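>>> sequence plus predicted model, see below.
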Amino acid sequence: MTQPIVRLINISKTFDNLTAIDNISLDVYPGEFLTLLGPSGCGKTTILRVIAGFEDPTQGDVFLNSVRVNGIPPNKRDVNTVFQSYALFPHKNVFDNIAFGLKIKKFDRKTIDEKVRSALELVKLTGFENRSIHQLSGGQQQRVAFARAFVNKPLVLLLDEPLSALDYRLRKEMQLEIRQLQRKLGITFVFVTHDQEEAITMSDRIVVMNQGRIEQDGSPKSIYEDPANLFVAKFVGEINIFDGKVISVADSRMIADVEGVQFDLLNKKGFAAGQKIKVLLRPEDLLIKKSGDECKRPYIEGKVQEMIYKGTTVDVLITMNSGQTILSTEFFNEDFEDIHYEPGEKVCINWANGWEAVLSDD
Ligand code: ATP
């Protein structure tokens, strides 16, 4: 079996009385693009710093390529970090910034020249060798920071919110570039972000964190479509949460009361009759029809509160009889002219069978 490149075993890190990381174990495999995703302060950066060797864990073991590295300083670990702030040398030109680590490792001049030029080509900055850092845009500076970090071909590249200083459009472009770069280089990436869309777009695997713990570890698709709990469901994108109760179960299905209406749902988690549940649906998975149109039973009734034009989609805010507001996202198609709701208009709400995720309500 493939050995992990990074292995964290029961890692905890405490600062004074604050537990930043609470007993985390995690394996990262060769060539993986792994993202640590979570709200501010959940411990993402601390994990990167523990892997890099800038922090010693209070408890637990860190392995890089099967070697225990606790106590080994950062410069003796085959790991590089790209920071949000780029951390380039302002008085050195582009070439010298990228060549810095290679010179320290005492490569000969010809090898340094070749490696720097090949790195510049990969980040699309050929011809910028002699530019000084202040003559570069934010995106170009970030590319130099990447080139400097991977020119030494580290075992692992750690990336701490490297795109957060860039504007929206550039950020989108760079997300794609970094992903392509990672595939070309084949280096293992551990990426930190609090932006769920960024995590979903870029990663092979996402680890969702909260208060120093792992809430879910899985593919972007599983995290989005099958959240392990309400924290993950709410953190990773918009979600509607309906209250429900199981009425009866049969094989892999169950009849449940959802907002006062009986639905036939998949019972993937072995719920029992009488159990309270939360039925989760993404806004794009809801099917909305005007009352009186062909509303296929079963459906929940609601009243349109507001319609919000979003460019490529329309958001419809709907108040259910319970008083709770839900969100439905409808995509434009050639029939869009027909998608129009007036505030107060009655609608029926349901979804394609099996598209719901169901969690226990405890
Ligand atoms: P952000 O997205 O805001 O960077 P994060 O998820 O990366 O957050 P960390 O920077 O890992 O979170 O911080 C986790 C917790 O540990 C926070 O409460 C933070 O204040 C605390 N912390 C981090 N470093 C130190 C330190 N050197 N001394 C004291 N507390 C620290």
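That came through fine.
>>> which residues of the stretch 1-150 of the chain fall in helices?
With helices called from DSSP state H, counting those that start in this stretch, the stretch 1-150 of the chain shows them at 44-52, 94-104, 109-122, 138-150.
>>> looking at the last one now, give me its mean pLDDT.
Helix 138-150 carries an average pLDDT of 90.
>>> buried ones in that helix?
Neighbour-count burial for helix 138-150, counted by 16 or more other C-beta atoms under 10 Å, picks out 139-150. C-betas here are computed from N, CA, C, even on glycine.
>>> which residues of this protein score low on pLDDT?
Scanning the chain for pLDDT under 70 picks out the ranges 333-338.
>>> longest single helix anywhere in it?
Ranked by residue count, the top helix of the chain under DSSP state H comes out as helix 168-185.
>>> just checking, what packs against that one?
Helices and strands touching helix 168-185, by 3 or more C-beta pairs under 8 Å, 6 or more residues apart in numbering; DSSP states H and E, are helix 109-122, helix 138-150, helix 196-202.
>>> OK, contacts around the residue most central in space within the chain?
Closest to where the C-alpha atoms of the chain average out (C-alpha atoms, centre = their mean) is A199, at 2.5 Å. Each residue near A199 by C-beta atoms under 8 Å, 6 or more residues apart in numbering is listed here: 35, 37, 191, 193, 206, 220, 236.
>>> please list the residues of this protein that sit near the ligand.
15, 18, 20, 38, 40-46, 194 (C-beta under 6 Å from any ligand atom).
>>> narrow those residues to those that are buried.
Buried subset of the residues of the chain next to the ligand (neighbour count, 16+ other C-beta under 10 Å): 20, 38, 42-46, 194.
>>> closest one of these to P90?
P90 lies nearest to T45 out of these, by C-beta to C-beta, at 23.6 Å.
>>> how about that closest one: what's its closest non-neighbour residue?
Closest residue in space to T45, ignoring its immediate chain neighbours: D160 at 5.8 Å, by C-beta to C-beta, 6 or more residues apart in numbering.
>>> for V207, see how far away the closest residue to the ligand within the stretch 51-200 of the chain is.
Nearest residue of the stretch 51-200 of the chain to the ligand (C-beta to the nearest ligand atom) works out as H194 at 5.0 Å. According to C-beta to C-beta, to the nearest Å, H194 stands 13 Å off from V207.
>>> quickly list what A250 is bridged to.
R253 (DSSP bridges).
>>> follow-up on the earlier one: any common contacting residues for H194 and V207?
Residues touching both H194 and V207 (C-beta under 8 Å, 6+ apart) are L37.
>>> quick one: the strand or helix carrying L159 to helix 168-185, angle?
Here L159 sits within strand 156-160, counting by DSSP states H and E. Calculated by axes from the mean of the first three to the mean of the last three C-alpha atoms, to 10 degrees, strand 156-160 forms an angle of 170 degrees with helix 168-185.
>>> partners of strand 156-160, with directions?
If you go by DSSP bridges, strand 156-160 pairs up with strand 79-82 (parallel), strand 188-193 (parallel).
>>> quick one: contacts of it?
Strand 156-160 is contacted from outside by 5-6, 28, 44-45, 48, 51-52, 64, 78-84, 149-150, 178, 187-192, using C-beta under 8 Å, 6+ apart.
>>> next one: stretch 179-193
Here stretch 179-193 makes contact (C-beta under 8 Å, 6+ apart) with 5-6, 28-37, 44-45, 47-48, 51, 122-123, 146, 150, 153-164, 178, 199, 201-203.
>>> G311 and the ligand, how far apart?
For G311, the distance to the ligand equals 29 Å [C-beta to the nearest ligand atom, to the nearest Å].
>>> what do you get for S328?
As for S328, its distance to the ligand is 31 Å (criterion: C-beta to the nearest ligand atom).
>>> what segments of the stretch 251-362 of the chain are strands?
Shown for the stretch 251-362 of the chain, the strands assigned by DSSP state E, counting those that start in this stretch span residues 253-258, 261-266, 276-281, 286-290, 300-309, 313-320, 325-331, 346-351, 357-360.
>>> switch the ones you listed over to JSON lines; also include mean neighbour count.
Shown next, in JSON lines, are the strands of the stretch 251-362 of the chain (neighbours: other C-beta atoms under 10 Å):
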{"stretch": "strand 253-258", "mean neighbour count": "19"}
{"stretch": "strand 261-266", "mean neighbour count": "17"}
{"stretch": "strand 276-281", "mean neighbour count": "20"}
{"stretch": "strand 286-290", "mean neighbour count": "18"}
{"stretch": "strand 300-309", "mean neighbour count": "16"}
{"stretch": "strand 313-320", "mean neighbour count": "18"}
{"stretch": "strand 325-331", "mean neighbour count": "18"}
{"stretch": "strand 346-351", "mean neighbour count": "20"}
{"stretch": "strand 357-360", "mean neighbour count": "19"}
